[in-house]
Structure formats: C-alpha cells, structure tokens
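>>> just the structure for this:
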Amino acid sequence: MFLPKPWSNFKASLERRKEMDSSSSMAISSIRANSEHEYMKRECQPKTWTGGLHRVLCMQGGDDDGSYAKNSEAPASAITLSKPLLLTAIQSMKLFVQSEEDSLRVADLGCATGYNTLATIDMVVEGLRERYIKECGVDPEFEAFFSDLPSNDFNSLFRSLAATLSNNKAKRYYAAGVPGSFYSRLFPKGKLHVAVSLSALHWLSQIPETVLDKRSSAWNKGRAWIDGAKKEVVEAYAKQSEEDLEDFLRCRKEEIVEGGVLFMLMGGRPGSQRPDNQLDDSDSRAKHPFTCSMDQAWEDLLNEGLIDEETRDGFNIPAYMRSMEEVERAIGRCGGFEIQRMEYQRIVEHSKEKQDEWIRDPVSYGRAKANLVRATLRPIVEAHVGPYLSEELFKRFENRVSSDISLIRKTCFYGVIVVCAIRK
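Coordinates of the predicted model:
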C-alpha cells in the first residue's frame, strides 16, 4: 500500500517508539525482578548475632496470638505450684527495722511480660505488707524492680502494669525497669530484700563456642537442642550452665541483704537422669517443642532448598535443664546462701479435657503449639534466618505437629526445680 512520505516517517517513528517502550519495560521488569531476588536473598541469609545472644534472646513481646503474654500457661502452672513455697519463705523471713526513709525492695529477675510477673510481685509485696502491719504496726513502702534483657518488651509489661494499678486506688509499690543480664550485677550492694527468678534460669547466657564450631567434636549437627545429643555437645552445655548459675549466685550474693530471700524456679530434670536426657520420659521427649518436631521443621526447610545444612546446624536453643545436685553444688561453691527448701516437680503440659479437644481438632493443636514456639523462640530464630524464613519454619512446625495424631495422644511433662535460699 502506498503511503505519503510524512505518514511513512510517522509510522517508522511509531514503530521505533514501541520497540523502545518494549525494551524499557523489559529492562524495568528485569530490574524489579533482580531487586526482589536480591531482597529475598538478603532476607533469607543467616544472620549473625552481633554483640551476643543477650541482644536477641527474649520472650516474644506484644499481646497477639504468638506473644509470650498469650502463651505462658506452663510457667503460670509452675508458679502456681510453687506459690506455697514462696509464701512460706515470705512468712518466715527476717523482718527489717525500717527508718522513715527506707523502703522494702523486691526484684523479679527475668521478668518477661504479662500476668505472671505482675501476679508474683503482687503476692510478695502483699505478703510482706501484711506481716509488717501485723507484727510491727507499720505499713512500709515498696520498690519493685522488673529486670530482663534489653531486648525484652518492657513497653508491653508497663502498659499491663499501668492498667493493673489504675484499678487499685492505693499504690501498692513504686515500679522500675532494670534492663540487663542477671548473669552480671544489676543492683548496688545490699540493695534487695527479696529476689525472685521464675522460669528464666534454664536460659543460658550464650551458646557454647565449641557447639558452634563445625570443626569441633561438640558440633551439634542436625539438632536444634541437646536432648539426646552426643556426649561432647551435652558436656559443653553443662559446663556453660555451671558457669552461668555460679555467676548468677555471686551477683545475688552481693545484692541481697543478710536475711533476705532468693527464690528460684527453673526448668530441671530428675537427679536420676543424665544431662543428655533433659526431659525424663520418652513421651515428653517426643512431644516437647524443642525436640523432634522442631528438628523436622528445620529439615523440611533444608529439603525444600530454602536453607543449607550449615544454616540448620548453626541454630541451637540456649536452654539447659539442671538437676538438683547441680544447683546444690553451685550454691555450695558460691557460699553466702543457706538452702531453706529445694524440690523437683513435674508439670503436665495441659489438662485431659484440653487434650481430648485437640485430638478432635488437631489443626487447633498445631496452631497452639506453633504459637507457643513463636512466643519462646521467634526472636532468636529471626536473628538466625530473618523474618521470612522464621515464619516458614513455624508453619512447617505447625504442620508437623497437627498431622501426627499419635503425638497429640502423648502426655508431655515439664520438670522444674524450686529453690528457696536465705542470704547468710
């Protein structure tokens, strides 16, 4: 078809513009794809815990379904079980002669967030107040210190505290947050009258270096935790646990006044069990969130090509369940404390009614168990693999747990050690 020359030039120009637009569009799409690829590549790379474990270890903050505040039933059960021992310690401890300028000082070390820490401090303060009013005729003022690592969600904690105090016209105590590791000094010498640490001391200050060294015989290949691990791994954890507990006790020895109380509740195991058997019985070992299902979830990520073996093997849960003998030995080495009472107790994971409900609805069980793991491990998992892969891990954990009905039928017990000691 014959076209006038101007139209021919216009058509040629139009074709060149289309080609340029097409090339630009392809270039932009390529840049966008590369950018997304690079973002995902960066997001899914294993992270280094710059500055140490204390910068990332904490219970999950907030108040959503995956928060510690919504998933701390087991610690609450342990605290309820140990409440009579704590009240007995409060009722029998020395009363201190107070000047008008003095106050009684109570600290929760490893407070996390939510109801458990607030209820415990309330119980200690009210128990002491009743004694002072009854036996001394005075109503003393109290200072309450809530202490945990700087990564703890203190904002959520103090929002909960404010809501609690607003419902009570009489101010029960003056509160303060104390960020820092309880494996180091937190208070001036002779500052505290009562120090409690509830469901926190089984968390270690760090992963032993030999466990993270793949050239070492203690390299914990294929496992996220130490239950059932080889001898060298367990020994490295036991050594770290021993050093940590002695550091904790030496610091509290300086901070607690003579006659003051140190009350500790921590994850533990029976003295009859070796350290490699952290969970006492086979059903607990199978069902505990740190063991089989956790290892399977990491293996799923590996098999799907989302992580490599080094990433999987580089993740270790920094927890150790001590025996009463290990605790008693540490207290003896430290000196300065007299053990008033020490017990090992077992806490069932959940009620029989709840178990029957979950057998009928395993998806709900998987969701609940995954939220429990999010509440305790999400911050350190995110520090290791980033938010995207962290969530992928919890999804696979949920699928593993909800798809195994035989697992739901098992009963998991958590062992705890309760210690009440008086500062000599």
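>>> going forward, measure contacts between C-alpha atoms and count neighbours the same way
Noted.
>>> now do the contacts for residue 131.
residue 91 (CA atoms under 8 Å, 6 or more residues apart in numbering).
>>> report the rounded mean pLDDT for the strand or helix carrying it.
Residue 131 is located in helix 115-136, with elements delineated by DSSP states H and E. The pLDDT scores in helix 115-136 average 92.
>>> after that helix comes which helix or strand?
strand 142-148.
>>> list the strands paired with that following strand, with their directions.
strand 104-109 (parallel), strand 174-179 (parallel) (DSSP bridges).
>>> just name the most buried of those.
strand 104-109 (a mean of 23; mean count of other CA atoms under 10 Å).
>>> now for the lengthiest helix in the chain, which elements pack on it?
Counting by DSSP state H, the longest helix found in the chain is helix 362-402. Under the contact definition 3 or more CA pairs under 8 Å, 6 or more residues apart in numbering; DSSP states H and E, helix 362-402 sits against helix 5-43, helix 292-303, helix 352-360, helix 405-409.
>>> one more time with 6 Å, if that's ok
helix 292-303 (3 or more CA pairs under 6 Å, 6 or more residues apart in numbering; DSSP states H and E).
>>> dump the strands paired with strand 142-148 into TSV; add mean pLDDT as well.
Listed next are these as TSV, based on pLDDT from 0 to 100:
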stretch	mean pLDDT
strand 104-109	97
strand 174-179	96
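>>> any chance of those in JSON lines, with distance to residue 225 too?
Listed next are the strands paired with strand 142-148 as JSON lines, based on distance: least, CA to CA, whole Å:
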{"stretch": "strand 104-109", "distance to residue 225": "24"}
{"stretch": "strand 174-179", "distance to residue 225": "27"}
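>>> which one of the ones you listed lies nearest to residue 366?
strand 104-109 (31.3 Å; CA to CA).
>>> would you mind getting the angle between that closest one and helix 115-136?
On the basis of axes from the mean of the first three to the mean of the last three CA atoms, to 10 degrees, strand 104-109 is oriented at 160 degrees to helix 115-136.
>>> residues in contact with strand 104-109?
Strand 104-109 has contacts (CA atoms under 6 Å, 6 or more residues apart in numbering) with 142-147, 192-197.
>>> one more: stretch 230-242?
Counting by CA under 6 Å, 6+ apart, 218, 276 sit against stretch 230-242.
>>> hey, C-alpha coordinates of it in CSV?
Listed next in CSV are the C-alpha coordinates belonging to stretch 230-242 (Å, rounded to 0.1, in the frame of the first residue of the first chain):
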residue,chain,number,x,y,z
LYS,A,230,26.2,-36.7,71.7
LYS,A,231,28.3,-36.6,74.8
GLU,A,232,30.6,-33.6,73.7
VAL,A,233,27.6,-31.4,73.0
VAL,A,234,25.9,-32.1,76.3
GLU,A,235,29.1,-31.6,78.2
ALA,A,236,29.6,-28.2,76.6
TYR,A,237,26.1,-27.1,77.6
ALA,A,238,26.6,-28.5,81.1
LYS,A,239,29.8,-26.5,81.6
GLN,A,240,28.2,-23.3,80.3
SER,A,241,25.2,-23.9,82.6
GLU,A,242,27.5,-24.4,85.6
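>>> return the set of buried residues in it.
Within stretch 230-242, the residues scored as buried using 16 or more other CA atoms under 10 Å are 232-238, 240-242.
>>> and that stretch, how far from the chain's centre?
Centre-to-centre, stretch 230-242 and its host chain are 20 Å apart (CA atoms, centre = their mean, to the nearest Å).
>>> tell me the mean pLDDT over it?
Mean predicted confidence for stretch 230-242 is 97.
>>> list the contacts of the residue nearest to residue 401 when sequence neighbours are not counted.
Leaving aside its chain neighbours, residue 401 sits nearest to residue 366 (5.2 Å; criterion: CA to CA, 6 or more residues apart in numbering). Residue 366 sits next to 398, 401-402 when contact means CA under 6 Å, 6+ apart.
>>> same list (those residues) but as CSV, adding distance to residue 181.
Compiled in CSV, those are given as follows (distance: CA to CA, whole Å):
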residue, distance to residue 181
398, 32
401, 33
402, 36
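>>> if I look at residue 195, how far off is residue 277?
30 Å (CA to CA, to the nearest Å).
>>> more neighbours: which of those two?
Set residue 195 next to residue 277 and count neighbours by other CA atoms under 10 Å: residue 195 wins out with 22 against 19.
>>> tell me the secondary structure for the more buried one?
Using DSSP: H, G, I helix; E, B strand; the rest coil, the secondary structure recorded for residue 195 is strand.
>>> list the contacts of it.
Residue 195 makes contact with 106-107, 262 under the criterion CA under 6 Å, 6+ apart.
>>> specify the beta-bridge partners of it.
residue 107, residue 262.
>>> from the chain's centre, how far out does the longest helix of the chain sit?
Taking mean C-alpha positions (CA atoms, centre = their mean), helix 362-402 and its chain are 14 Å apart.
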